[in-house]
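**Student:** show me the folded form of this:
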Amino acid sequence: MAKKKEEAVDSRSEFISAIEELAKEKEIDKETLFEAIESSLVMACKREFGKGDGVEAKKNSIENVRVDMDRQTGEFHVYMEKTVVENVQDDSQEISQAEAELKFPESKLGDTVSVEVTPKNFGRIATQQAKQVVVQKIREEEKRILQNQYETTEHNIITGTVQRYNNGVYTVNIGKVDALLTPQEQVEGEEFRINERIKVYVKGVRETPKGVIRVIISRSDEGFVKHLFKNEVAEIQDGTVEIKSISREPGVRSKIAVTSYDPDVDAVGACVGVNGERVEAVVDELRGEKIDIVEWSEDPTIFIENALSPSKVVRVTVEENENERKAEVVVPDYQLSLAIGKEGLNAKLAARLTKFKIDIKSESQAY
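**Tutor:** Numbering: from 1, shown residues only. Okay, here's the model as predicted:
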């Protein structure tokens, strides 16, 4: 008999050791696992005690069950919180004063006492239940930790390794998960080799209906350009220079509007860098995409003029109301095609950058 008890204790100790090892390996707080096991066992006990008819059936809704698990030995004990009364009407909620005095000598009428009601063979049942709970809880905790980890990278740039290419989609390993770089988030014409290290922008972290953590990555998003500059330009990192807006035609051209909060710092110059080294680093990562860096202004006429760079502007007339913001821009005749750009791209990017609908005319058309 003693040998059997010893084996049971050893088995429980092994169970505790296994939980502690798993908690350490999976970087999960072991107390979280213990509490999850206890909560699960409480529900199991309520179902067990709720079987039966009449008064017994009422026990199906009992809320006074507690399960304690010894963190050292793995022993389980079930308790019911009962009120001391003269005459017991519901033995799932009450204990007679006579019985209470025997078990709890210091108790008196109206007191609440914890009565142990551990069922026979509960240790074996509890261990089986606990194993199921541990597996489930580890999955939940791993998912939560993973989600928290990647949420810290949201709206930032991380480096990953290309794993596969299938039906236009690149699978990129970014640490503990594989993310999908879909055609919509790619730059047209960009191709990557398997095992190539690439930078991607984390647009968001989502949980699918099946409970899988999905990290949404992009190389075509405007945020990719913004954070490439942030990583290159110290003045953006420390808040001296701010990127106020970006417009982008991925793989072709981007415009960024910047401003400086220090009169001694030239915002455009800070982003260009000495001998253009900062902007060149960004252009290289974007594989040759052209970048226009312009000065932002709270005066829309000045901002629109800057946004149409490299074209010269003769006049800007703006009209704003509740429904729309539009501007008429007059440029020299010989600058009209430059202002509009190939396939209208310069004008389109300037409009996105300033949030104005821009109508460009040459001087001969305007006068």
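**Student:** for the stretch 1-150 of the chain, what are the low-confidence residue spans?
**Tutor:** Residue ranges of the stretch 1-150 of the chain with pLDDT under 70: 1-13, 47-62, 123-127, 130.
**Student:** in it, what residue spans correspond to helices?
**Tutor:** 2-26, 30-49, 55-58, 97-103, 122-151 (DSSP state H, counting those that start in this stretch).
**Student:** tell me which of the ones you listed sits nearest to residue 361.
**Tutor:** helix 122-151 (48.3 Å; Cβ to Cβ). From N, CA and C alone the C-beta is placed, and that goes for glycine too.
**Student:** on the three-state scheme, residue 210 is what?
**Tutor:** Here residue 210 is recorded as coil under DSSP: H, G, I helix; E, B strand; the rest coil.
**Student:** give me the neighbour count for it.
**Tutor:** Residue 210 has 6 neighbouring residues, counting by other Cβ atoms under 10 Å.
**Student:** for the helices of the stretch 1-150 of the chain, give me a markdown table that also has distance to residue 263 and mean neighbour count.
**Tutor:** Converted to a markdown table, those look like this (distance: least, Cβ to Cβ, whole Å; neighbours: other Cβ atoms under 10 Å):
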| stretch | distance to residue 263 | mean neighbour count |
| --- | --- | --- |
| helix 2-26 | 53 | 13 |
| helix 30-49 | 53 | 17 |
| helix 55-58 | 78 | 12 |
| helix 97-103 | 81 | 14 |
| helix 122-151 | 37 | 16 |
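**Student:** redo those helices as JSON lines? Include distance to residue 291.
**Tutor:** Shown next, in JSON lines, are these (distance: least, Cβ to Cβ, whole Å):
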{"stretch": "helix 2-26", "distance to residue 291": "44"}
{"stretch": "helix 30-49", "distance to residue 291": "48"}
{"stretch": "helix 55-58", "distance to residue 291": "74"}
{"stretch": "helix 97-103", "distance to residue 291": "80"}
{"stretch": "helix 122-151", "distance to residue 291": "28"}
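**Student:** only the buried residues of stretch 236-248, if you could.
**Tutor:** 236, 240, 241, 243, 244, 245, 246, 247, 248 (16 or more other Cβ atoms under 10 Å).
**Student:** now, those that are in helices?
**Tutor:** residue 236 (DSSP state H).
**Student:** adding distance to residue 90 as columns, could you present the buried residues of stretch 236-248 in a markdown table?
**Tutor:** Shown next, in a markdown table, are the buried residues of stretch 236-248 (distance: Cβ to Cβ, whole Å):
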| residue | distance to residue 90 |
| --- | --- |
| 236 | 69 |
| 240 | 72 |
| 241 | 72 |
| 243 | 69 |
| 244 | 70 |
| 245 | 69 |
| 246 | 69 |
| 247 | 72 |
| 248 | 70 |
